[in-house]
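K.L.:
okay, sequence plus prediction incoming.
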Amino acid sequence: MSLKGNNYNVIVDEFNQVISTTSNDIKNENANMSGDTPSGKMMKFASISAKDFALENLVKDTHSKLHKKSLIHIHDLDYYPTKSATCVQYNIEEIFKNGFKTRNGLIKEPQSIGVYTELAAIVFQTAQNEMHGGQSIPAFDYFMAPGVNKSFRKALIKNLNHFFIFSSIEFNEQKINEIKNDEQITFKNLTKSTLEKYLSGYKISDENFKKIYDLTVKEVEKETDQAMEGFVYNLNTQHSRGGNQVVFSSVNLGTDTSKEGRQVIRSLFKALENGLGNGETSIFPIVIFKIKLGVNFDENDYNKAMSLSQDKWFEDNTWNVKNFDLFLQAIRTTSLRLFPNFMFLDQKFNQHELWKADDKNSWYYEPATMGCRTRVFENINGEKTSIGRGNLSFTSLNLPYIALELLKEQGKLKDEKINFNEIDIDQIKKDFLKKIEFYSQKVCEQLKIRYDYQTTALAKEFPFLMRNNILTGGKDLQAEEFVKEVFNQGTLTVGFVGLAEALKALLNVHHGESNDAQKFGIEIIKVINKVALKWKEDTHLNFGVIATPAESVAGRMAKITRKEFGLIKEITERDYFTNSNHVPVYYNISAAEKIKKEAEYHSLTLAGSISYVELDGEAKKNLHAILSIINAMRVYGTNYGSLNHPVDRCKECNYTSLIPFKCQMCGSEEISRTRRITGYLVGDLDGWNKGKQAEEAERVKHNTNC
């Protein structure tokens, strides 16, 4: 490819914006990546060039034109030439079991909780170099629990050795060391009779047994706390992809009721609550708490918690279900740090017929989500599971553009004004649905062509992913074999942006304002879903629909659509389009009503969805409101939900609270304002692109009376 083509001037202009020391949307396209550093600039140069190469040489001309018009948006276009997939849910248990392979040799199976978390962070970092999206652990509590048990046995051996030495009692050190291989000895699960099997006939007193046991438990609790702190620190400092991005990391947890699994959850929440070195809110990992009836949620427990003061929540140990206390800790943690988010496993579409509460491998049958919202569960080419699978690529429809194009074709849009008096509502709905079907077909065609290109890759192009079976089936491939039999487990997804603006253009109301608009919104997404399911049936590939997590694309689509159709009030007047099927952030609606309306779309967007609620004031002072909102999400059918609220920190004195203008403690105006952007957190708003800055500024708070 020669840069001196039709796009030469555009590319040069974008290169100059990368070189510029002033903030701009080219450098701020991704809020998780600095565009100012040398590696950041180099990545942007590569990205701009690769996008142009892909559009001119790899993407079908029809689809290339649609992308340039922003009628569709091919996500991660810069990675198109690399044939890489988007994201994956790791089976850490399998990766660790016999050690994992790297370019420089084998990394042995970890033997303590500290090394478990260190290696988990390294797996995140290494795998991200072979993919273009996020990385996630689907059952972090289950996968880290063996590390807690190993640390418990090691600490027990150490403390027994010290006891015998300090008591001047002869003992068989070799026999005691056999404890490390006894998997029946687990965290907080040790009897005196079990221990005495390793003491060569010595009968330990109840008092000494208790001292050794209590000391061992205390040491392992501290070790697990430190391990989780290190895990959080690593994921906020370890860089990959040219040294300019920390890993887009997510962890799902909440359903392991074992003592060791519960300790993992408790310690991770503690690390999140403590924050980083100066109390900063950690940006990664995105933590998702999986809510399951009978495991960590119970109606009677909920009612009891609502009747108690929030201070009493953490003093009461008489909850009906084992992990309800951890659910309450999750509520407190999210009130302080914006994580965890919450996934609802009891929704019909999130249930698995093989899931059993008493199955130690029940995690395999639980759906998990990427922090941004990507969901992988159903599978036409293998087992129904999230494990070892991910998204391959996705492309989004620009719904407002399609709506305005239709109105212009029919003469209803003139001089930047829509003549609603001339619109036959029933007819415009029919015509719009036909257009949606047409463009959905185009997107599915584009996804299939990209898939065909992706599957020309050889296993050797993704050595870490394949050798270590991170993508299920990869270990069975030879270096020179094609990846098709592995990639066909992944998903191909159709996304959409700006449902609210499209409804406003067609009906003069959006779905937050009108139940009729809501019904038509559902019809629109049903058509997209119907097309995707037909492609799934015809191609035997995992086509689906995602409620697009639009970051830079929300602004790009709005900008190009406005240029094409003009500045149209309440449709193209803003610097962004509303994400997917969300009620507009600027629209005043109660939390319960917002949750209810958006949840109706979640069964139609099985490739990923989320609902947000905006809270006012200091969330930590009103945990009951958070609890009631999470319960409303559960009741109304939400797949995945999250709460946004201000998290401010003074950069001078590290005071953390709601800081409107200047620090209440020292008077400084240097304030870090952590906010959520399309699923993940960003510590300062100046790293956001203009579209997202405009969207954040217009977010209204929702009445939390649920």
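P.N.:
Structure received.
K.L.:
Provide the secondary structure category for the residue nearest to the spatial centre of the chain.
P.N.:
By Cα atoms, centre = their mean, the chain has its centre lying nearest to Gly371, at 0.8 Å. Using DSSP: H, G, I helix; E, B strand; the rest coil, the secondary structure recorded for Gly371 is coil.
K.L.:
that one contacts Ile288, correct?
P.N.:
Yes - judged on Cβ atoms under 8 Å, Gly371 makes contact with Ile288 at a distance of 6.7 Å. The way it works is simple: take the backbone N, C-alpha and C, and place the C-beta from them, glycine included.
K.L.:
joint contacts of those two?
P.N.:
Residues touching both Gly371 and Ile288 (Cβ atoms under 8 Å, 6 or more residues apart in numbering) are Ser250, Asn341.
K.L.:
check contacts around the closest residue to the residue nearest to the centre of the chain other than its chain neighbours.
P.N.:
Among residues not flanking Gly371 along the chain, Ile286 sits closest, at 2.7 Å (Cβ to Cβ, 6 or more residues apart in numbering). For Ile286, the contact set (Cβ under 8 Å, 6+ apart) comprises Ser249, Ser250, Val251, Phe339, Asn341, Met370, Gly371, Cys372, Gly679, Tyr680.
K.L.:
nearest to Val115, of these?
P.N.:
Closest approach between those and Val115, by Cβ to Cβ: Val251, at 17.1 Å.
K.L.:
the helix or strand encompassing that closest one - contacts with which helices or strands?
P.N.:
Secondary structure from DSSP states H and E places Val251 in strand 249-253. Other elements packing on strand 249-253 under the criterion 3 or more Cβ pairs under 8 Å, 6 or more residues apart in numbering; DSSP states H and E are strand 135-137, helix 140-166, helix 259-274, strand 286-291.
K.L.:
which stretches of the protein have low pLDDT?
P.N.:
Along the chain, the model assigns pLDDT under 70 to residues 1-6, 8, 14-15, 20-21, 23-36, 38-40, 241-244, 678-680, 683-697, 706.
K.L.:
50 instead, please
P.N.:
1-5, 27 (pLDDT under 50).
K.L.:
Gly230 is in contact with Glu118, isn't it?
P.N.:
Yes - with contacts counted by Cβ under 8 Å, Gly230 reaches Glu118, the gap being 6.7 Å.
K.L.:
tabulate the CA atom coordinates of stretch 346-361 in CSV.
P.N.:
Output of stretch 346-361 as CSV, limited to C-alpha atoms (Å, rounded to 0.1, in the frame of the first residue of the first chain):
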residue,chain,number,x,y,z
ASP,A,346,-31.3,-16.2,37.3
GLN,A,347,-32.6,-14.5,34.2
LYS,A,348,-34.0,-17.2,31.9
PHE,A,349,-31.4,-16.5,29.2
ASN,A,350,-28.5,-16.8,31.7
GLN,A,351,-29.6,-20.2,33.0
HIS,A,352,-27.9,-23.5,32.0
GLU,A,353,-29.7,-26.8,32.3
LEU,A,354,-26.6,-28.5,33.7
TRP,A,355,-26.0,-26.1,36.5
LYS,A,356,-26.3,-27.6,40.0
ALA,A,357,-25.7,-25.9,43.3
ASP,A,358,-23.7,-28.8,44.7
ASP,A,359,-21.5,-29.2,41.7
LYS,A,360,-17.9,-28.0,42.4
ASN,A,361,-17.6,-27.3,38.7
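K.L.:
and Tyr612, helix, strand or coil?
P.N.:
strand.
K.L.:
I misspoke; the intended subject was Thr674.
P.N.:
Classified using three-state DSSP, Thr674 is strand.
K.L.:
swap in Ile380?
P.N.:
coil.
K.L.:
state the helix or strand in which Pro400 lies.
P.N.:
Judged by DSSP H and E, Pro400 forms part of helix 399-409.
K.L.:
which strands or helices does that helix pack on?
P.N.:
helix 425-454, strand 491-497, helix 499-507, helix 552-565.
K.L.:
so where do the strands sit in the stretch 1-150 of the chain?
P.N.:
72-74, 88-89, 100-102, 105-107, 135-137 (DSSP state E, counting those that start in this stretch).
K.L.:
make JSON lines out of the helices and strands packed on helix 399-409 and add mean neighbour count and distance to Leu406.
P.N.:
Below are these laid out as JSON lines (neighbours: other Cβ atoms under 10 Å; distance: least, Cβ to Cβ, whole Å):
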{"stretch": "helix 425-454", "mean neighbour count": "18", "distance to Leu406": "6"}
{"stretch": "strand 491-497", "mean neighbour count": "29", "distance to Leu406": "16"}
{"stretch": "helix 499-507", "mean neighbour count": "28", "distance to Leu406": "8"}
{"stretch": "helix 552-565", "mean neighbour count": "22", "distance to Leu406": "11"}
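K.L.:
one step back: distance check, the residue nearest to the centre of the chain against Asp141.
P.N.:
Counting by Cβ to Cβ, to the nearest Å, the gap from Gly371 to Asp141 is 16 Å.
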